[in-house]
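>>> Let's see this in three dimensions:
(chains A, B, C and D)
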Protein chains: 2
Amino acid sequence: MPTSTAPPSGTGVRADSVDAIQRELTAFARRARSMASQIHPGLTLVTYTVLDHLHERGGCRGTDLATHFMLDKSTVSRQVASLERLGLVERTADPEDLRGQIIRPSTAGEQLLNDVRARRHQAFLQRLADWSDEDLERFAAYLTQYNDRA
Amino acid sequence: MPTSTAPPSGTGVRADSVDAIQRELTAFARRARSMASQIHPGLTLVTYTVLDHLHERGGCRGTDLATHFMLDKSTVSRQVASLERLGLVERTADPEDLRGQIIRPSTAGEQLLNDVRARRHQAFLQRLADWSDEDLERFAAYLTQYNDRA
DNA sequence: CTCTTTGGTTGTATCCTGCAACCAAAGAAG
DNA sequence: CTTCTTTGGTTGCAGGATACAACCAAAGAG
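Numbers count the residues shown, from 1 in each chain, chains lettered A, B, ... in the order given. I've put the predicted structure just below:
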């Protein structure tokens, strides 16, 4: 039985809007990778988001990264190893659990993160230059609402 | 409404919104791949968008795909070859230029595309189920406006 | 003290991608 | 008409991201 209050879809403004959202988000995702390499050479979309997450959380374990990014733990292990080789993160034993390791951005990592953030912020600012404050706020709220449904 | 720490200046609100948009769009891009595989097994985000673009354009050449997706022509060549092996596209010589080939979705390709589109539409509908029509329209408009700045 | 669970690493395989070298056709220059 | 350059495509090669499976070490349950 149709429990939803939504009328039969397939036609109408609602379906059109959903299709547009789908199309535009897909278009964005397609371009994201090449855009990411423009922001900072040598930093991948994944490595950037990993580094950013480590900063936001003030350090966390590899397992936490894996669950948060829906990646295999082996992938995270290699990514973290790569970031460590680049001197962007540091690992210390978890005092609570000797199996785990707390991963934190190094000083160089924080610095790089700040630089990348500034570049990205500028790029977004430029792109959104002619948006009103109100539209920016609403757009941000919509995106947050959408992603929180994950 | 994202309740921030209420920075008094207008530029503060604006910067917060830009940061939020940046963060949320990045989060979405990060998840796009795993989402794509959920939609249809065996079809990548790239292969899907290629097939979709071929449908929208009613067939085009490999070079057109490469420029549109900002990919190397070798990558496009392999992707198209893969799609052809799967029987999802067909190639015919370009009557205008014997070097080029017009690539079009095959009947099976169109059918698969319809199927994937239906699945995606359902997935998006479900995710956006509790959004009002007005919010959907505005969100779609914002996304379109953002992408059109490319 | 075992047995199971959990955090990480490594081996293997697959896929996507770019760069470079190459081929064939089209177009320009002579 | 004969070169020379440009353009559309393919293939060889290399690098990177990812998943799965096997494995190790520490923690926790019984």
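>>> Which helix or which strand is home to the residue most central in space within chain A?
Centroid check for chain A by CA atoms, centre = their mean gives A:T49 as the closest residue, at 5.0 Å. Using DSSP states H and E, A:T49 sits in helix A:45-57.
>>> ditto for A:R104
Going by DSSP H and E, A:R104 is part of strand A:101-105.
>>> Do any residues in stretch A:116-131 lie close to chain B?
Yes. Stretch A:116-131 lies within reach of chain B by CB under 8 Å from any CB of the partner chain, at A:120-121, A:124-125, A:127-128, A:131. For every residue, glycine as well, the C-beta is placed using N, CA and C.
>>> Switch those over to TSV; also include secondary structure.
Below are those laid out as TSV (DSSP: H, G, I helix; E, B strand; the rest coil):
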residue	secondary structure
A:R120	helix
A:H121	helix
A:F124	helix
A:L125	helix
A:R127	helix
A:L128	coil
A:W131	coil
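>>> Reformat the residues you listed into JSON lines and put distance to A:Q145 next to each item.
Shown next, in JSON lines, are these (distance: CB to CB, whole Å):
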{"residue": "A:R120", "distance to A:Q145": "22"}
{"residue": "A:H121", "distance to A:Q145": "22"}
{"residue": "A:F124", "distance to A:Q145": "19"}
{"residue": "A:L125", "distance to A:Q145": "23"}
{"residue": "A:R127", "distance to A:Q145": "21"}
{"residue": "A:L128", "distance to A:Q145": "18"}
{"residue": "A:W131", "distance to A:Q145": "18"}
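>>> what's around A:S74, how many residues?
10 (other CB atoms under 10 Å in any protein chain shown).
>>> quick one, what contacts it?
Residues near A:S74 by CB atoms under 8 Å, 6 or more residues apart in numbering or on different chains: none.
>>> which is the next helix or strand following the helix or strand where it lies?
Using DSSP H and E, A:S74 sits in helix A:73-85. Of the helices and strands lying after helix A:73-85 in sequence (DSSP H and E), the nearest is strand A:89-93.
>>> Quickly run through the sheet partners of that next one, with directions.
strand A:101-105 (antiparallel) (DSSP bridges).
>>> and the strand it pairs with, what's its mean pLDDT?
The average pLDDT within strand A:101-105 is 97.
>>> now do stretch A:15-35
78.
>>> which element is the closest residue to A:K73 other than its chain neighbours on?
Among residues not flanking A:K73 along the chain, A:A66 sits closest, at 4.6 Å (CB to CB, 6 or more residues apart in numbering or on different chains). Secondary structure from DSSP H and E places A:A66 in helix A:62-69.
>>> Go ahead and measure how far that helix is from the middle of the chain.
13 Å (CA atoms, centre = their mean, to the nearest Å).
>>> cool, stretch A:16-30 as well?
For stretch A:16-30, the distance to the chain centre is 18 Å (CA atoms, centre = their mean).
>>> Stretch A:75-85 now?
On CA atoms, centre = their mean, the centre of stretch A:75-85 falls 17 Å from that of its chain.
>>> Can you name the residues in contact with it?
A:46-47, A:50-51, A:62-63, A:65-66, A:69, A:71, A:89-91, A:103, A:109.
>>> ok, and which of those reach DNA strand D?
The subset of these within reach of DNA strand D, by CB under 7 Å from any atom of the strand, is A:46-47, A:71.
>>> pLDDT check: weakest of these?
Among those, A:V46 has the weakest pLDDT, 83.
>>> can the ones next to DNA strand D among the contacts of stretch A:75-85 go into TSV with extra columns for neighbour count and distance to A:R78?
TSV is the format used below for those (neighbours: other CB atoms under 10 Å in any protein chain shown; distance: CB to CB, whole Å):
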residue	neighbour count	distance to A:R78
A:V46	17	11
A:T47	19	11
A:L71	18	10
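>>> So which of the residues you listed reach chain B?
A:V46.
>>> What is the nearest of the ones next to DNA strand D among the contacts of stretch A:75-85 to DNA strand C?
A:L71 (10.8 Å; CB to the nearest atom of the strand).
>>> Verify the contact between that closest one and A:D64 for me.
No. If you go by CB atoms under 8 Å, A:L71 and A:D64 don't touch, sitting 11.3 Å apart.
>>> Least confident secondary structure element in chain A?
For chain A, using mean pLDDT, DSSP states H and E, the weakest element among its helices and strands is helix A:12-39, scoring a mean of 76.
>>> same for that one, what does it pack against?
helix A:45-57, helix A:107-127, helix B:10-39, helix B:45-57, helix B:107-127, helix B:133-147 (3 or more CB pairs under 8 Å, 6 or more residues apart in numbering or on different chains; DSSP states H and E).
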